[in-house]
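Peer 1: Mind folding the following:
(4 chains)
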There are 2 protein chains.
Amino acid sequence: MAQALTIGRVAEATQCKVQTIRYYEQIGLLRPPERSQGNHRVYRKTDIDRLLFIRHARDMGFPLEAVRDLLSLADTPEASCRAVDDIARTQLGEVERRIRRLTALKGELERMIAQCSGGTVSDCRVIEALGDHAHCEGDDHLAARAG
Amino acid sequence: MAQALTIGRVAEATQCKVQTIRYYEQIGLLRPPERSQGNHRVYRKTDIDRLLFIRHARDMGFPLEAVRDLLSLADTPEASCRAVDDIARTQLGEVERRIRRLTALKGELERMIAQCSGGTVSDCRVIEALGDHAHCEGDDHLAARAG
DNA sequence: CTTGAACCTACAGTTACTGTAGATAGTAGG
DNA sequence: CCTACTATCTACAGTAACTGTAGGTTCAAG
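Peer 2: Numbers count the residues shown, from 1 in each chain, chains lettered A, B, ... in the order given. All right, here's what the predicted structure looks like:
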């Protein structure tokens, strides 16, 4: 890799959009890089490494605030690993919660589709199911509404 | 159920926030209800049924645009059920995609957590894994980045 | 009547990007 | 050098689906 890259080249190298890179700088996840005489951003390897860390954490589903915390911890090698562990466990719990929710939804959708008569809307089991409040109120999915 | 309800009572009855009800009216999913002399919204059973349909569809994960389409179809009983079926199948596909993505993430998080040494950040496998680009580039999860 | 709750509209915030407009900088080819 | 095109800049707004807040009006109970 070359010693210094413009933002577009960094975007290519990291598969992260130019606008997103600027966004991360704006919200403080990335430090402002050096600038050329023409005011173009000039990224060094450490900048790019940091961006890749961010992207990797985002890909793992960590919300930006958690990424911020992880970066802070990564910048503090003598800090306890416990905080990192906590963040990761919180995220794992969230992922498991989402999987459960989606799996239940999958089952419902499959049932609705299997019952679809292929005729007209007036006979439609999907529409009927969506409009069926007795069923709806008997389920716990309303009460368990997720974000 | 009483013949007519104010928005707050509808919100209670449907577990849908007042602001969200107003939002749905603003974006055209709900029709503007009658108004009292004091300009308060007055909801009838048909209004509430429509809101419950919307909530149910949202709970199933249908995006608002799809909910709009489903409502339109529900208002057209002689229309073909095929369109409804298509919407539901699209949503099912999306749910399956998300489950697959989350399940892969779960596995990764579990591996990272299992390797956490419980010492300091400098020995931390979570931080190391997030900063590990050789590993990162060898995986397909970067390429398969979801929204 | 008073007081507090419910309701109203208008506008902005949330999360994580993403796009657009108008202007400047950089580069390659003639 | 000139031209043309691409890349980059900042500022601001849009996206999806809500959600909150402010300031004002209406309603209901004591």
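Peer 1: who's in contact with the residue positioned nearest the centre of chain A?
Peer 2: Closest to where the C-alpha atoms of chain A average out (C-alpha atoms, centre = their mean) is residue A:61, at 4.1 Å. Shown in contact with residue A:61 (C-beta atoms under 8 Å, 6 or more residues apart in numbering or on different chains): A:91, A:94-95, B:102, B:105. (Each C-beta comes from the backbone N, C-alpha and C, glycine too.)
Peer 1: What's the separation between it and DNA strand C?
Peer 2: Counting by C-beta to the nearest atom of the strand, to the nearest Å, the separation of residue A:61 from DNA strand C is 9 Å.
Peer 1: do residue A:99 as well
Peer 2: 18 Å.
Peer 1: My read is that that residue contacts residue B:106, right?
Peer 2: Yes: counting by C-beta atoms under 8 Å, residue A:99 does reach residue B:106; the two are 6.6 Å apart.
Peer 1: The top helix by length along chain A and chain B, are they touching?
Peer 2: Longest helix in chain A, counting residues (DSSP state H): helix A:81-114. Yes: under the criterion of C-beta under 8 Å from any C-beta of the partner chain, chain B is reached by helix A:81-114 at A:81-82, A:84-85, A:87-89, A:91-92, A:95-96, A:98-99, A:102-103, A:105-106, A:108-110, A:112-113.
Peer 1: Is it possible to mark the buried ones in the residues you listed?
Peer 2: A:81, A:84-85, A:87-88, A:91-92, A:95-96, A:98-99, A:102, A:105-106, A:108-109, A:112-113 (16 or more other C-beta atoms under 10 Å in any protein chain shown).
Peer 1: who touches stretch A:24-43?
Peer 2: So stretch A:24-43 is contacted by A:4-7, A:10, A:21, A:44, A:47, A:50-51, A:54, A:64, A:67-68, A:71 (C-beta under 8 Å, 6+ apart).
Peer 1: Show the overlap between those and what lies near DNA strand C.
Peer 2: Contacts with DNA strand C within the contacts of stretch A:24-43, counted by C-beta under 7 Å from any atom of the strand: residue A:64.
Peer 1: Minimum pLDDT in the contacts of stretch A:24-43, which residue is that?
Peer 2: pLDDT across the contacts of stretch A:24-43 is lowest for residue A:4, at 89.
Peer 1: give me the number of residues near that residue?
Peer 2: 17 (other C-beta atoms under 10 Å in any protein chain shown).
Peer 1: How many residues are close by residue A:72?
Peer 2: Neighbours of residue A:72 using other C-beta under 10 Å come to 12.
Peer 1: Assign the one residue in chain A that gets nearest to DNA strand C to helix, strand or coil.
Peer 2: Using C-beta to the nearest atom of the strand, the closest approach of chain A to DNA strand C is made by residue A:38 at 1.9 Å. Each residue gets one of three states, and residue A:38 gets coil by DSSP: H, G, I helix; E, B strand; the rest coil.
Peer 1: burial of it, as a residue count?
Peer 2: For residue A:38, using other C-beta under 10 Å, the count is 5.
Peer 1: and if you look at residue A:76?
Peer 2: 13.
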